[in-house]
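Peer 1: A predicted structure for the sequence below; I have some questions about it.
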Amino acid sequence: GVTAIKGQNYVPFIPKYHANTDGSAFGGWQGIYAGVSEIFLAYIGFDSIAANSAEAKNPQKTMPRGILGSLFIAVFLFISVALVLVGMFRYSDYVNNAEPVGWALRQSGHEIIATIVQAVAVIGMFTALIGMMLAGSRLLYSFGRDGLLPKTLGKLSNNLPSHALIILTVIGIALGAFFPFTFLAQL
């Protein structure tokens, strides 16, 4: 994408604000705050690192390093990708675009790279879902063990929180079966 950057796409760097018909904000500081709030939700995954601290060696030392290290890497990657995408095409070209990276790469003649990036994104989403299921089952197990949820969730089976994992899996399947993909993608 860096090869397709056009300097004029960065002017103005913060475009004028206008409200969209769906109630969302675009441009200006309001648009930036709206975008930051959307991206902030992507950082919820860092709590899954903390939820698995029971399996870590020396968690007081390694957990802060893991959380802060992955946080810094993610912030750097988010900013880098956003700057490259805005440099490739006018910011308004990305409105209501569900696949901005793949679209931008295809439009600039990098179809093979776009396919690879999209395949890695799908694998990444699958991996993130598995990680969140693991963290969620660990949290349900902890709540059950502490008596905040039914005690059956706090029982281990072969050293694994199987009851909690089964309940969380059923909930995940039900969400996937009954809610539209666009709603689930925003979660």
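Peer 2: Arrived safely, thanks for sending. Numbering: from 1, shown residues only.

Peer 1: And the residue nearest to residue 4 when sequence neighbours are not counted, how far from residue 102?
Peer 2: What sits nearest to residue 4 in space, not counting adjacent residues and going by Cβ to Cβ, 6 or more residues apart in numbering, is residue 108, at 3.9 Å. In short, each C-beta sits where N, CA and C put it, glycine included. According to Cβ to Cβ, to the nearest Å, residue 108 and residue 102 sit 11 Å apart.

Peer 1: Tell me which of those two has more neighbours.
Peer 2: Taking neighbours as other Cβ atoms under 10 Å, residue 108 and residue 102 compare with residue 102 leading, 20 against 16.

Peer 1: tell me the contacts of the more buried one?
Peer 2: Applying Cβ atoms under 8 Å, 6 or more residues apart in numbering to residue 102 gives the contacts 114-115, 117-118.

Peer 1: surely residue 141 meets residue 167?
Peer 2: No: Residue 141 is not in contact with residue 167 according to Cβ atoms under 8 Å; the separation is 10.1 Å.

Peer 1: Common neighbours of the two, please.
Peer 2: residue 153.

Peer 1: Who has more neighbours out of these two?
Peer 2: Taking other Cβ under 10 Å, residue 141 and residue 167 do not tie; residue 141 has more neighbours (24 against 19).

Peer 1: Just the element for that one, please.
Peer 2: Element membership of residue 141 [criterion: DSSP states H and E] is helix 111-145.

Peer 1: how far does that helix sit from the chain's center?
Peer 2: Its chain's C-alpha centre and that of helix 111-145 lie 9 Å apart, by Cα atoms, centre = their mean, to the nearest Å.

Peer 1: residues of the helix or strand just after it that come out buried?
Peer 2: Heading C-terminal from helix 111-145, the first helix or strand you meet, by DSSP H and E, is helix 162-178. In terms of neighbour count (16 or more other Cβ atoms under 10 Å), helix 162-178 has its buried residues at 163-165, 167-168.

Peer 1: what's the answer for stretch 56-72, then?
Peer 2: residue 66.

Peer 1: For that stretch, list the C-alpha coordinates in CSV.
Peer 2: The C-alpha coordinates for stretch 56-72 follow below in CSV (Å, rounded to 0.1, in the frame of the first residue of the first chain):
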residue,chain,number,x,y,z
ALA,A,56,1.4,-18.1,33.2
LYS,A,57,4.8,-18.6,34.8
ASN,A,58,5.6,-15.6,37.0
PRO,A,59,2.4,-13.7,36.1
GLN,A,60,3.3,-10.5,38.1
LYS,A,61,6.3,-10.0,35.7
THR,A,62,5.1,-11.5,32.5
MET,A,63,1.4,-10.4,32.4
PRO,A,64,2.2,-6.6,32.4
ARG,A,65,4.8,-7.2,29.8
GLY,A,66,2.5,-9.2,27.6
ILE,A,67,-0.4,-6.8,27.9
LEU,A,68,1.6,-3.6,27.4
GLY,A,69,3.8,-5.1,24.6
SER,A,70,0.8,-6.3,22.6
LEU,A,71,-1.0,-3.0,23.2
PHE,A,72,1.9,-1.0,21.8
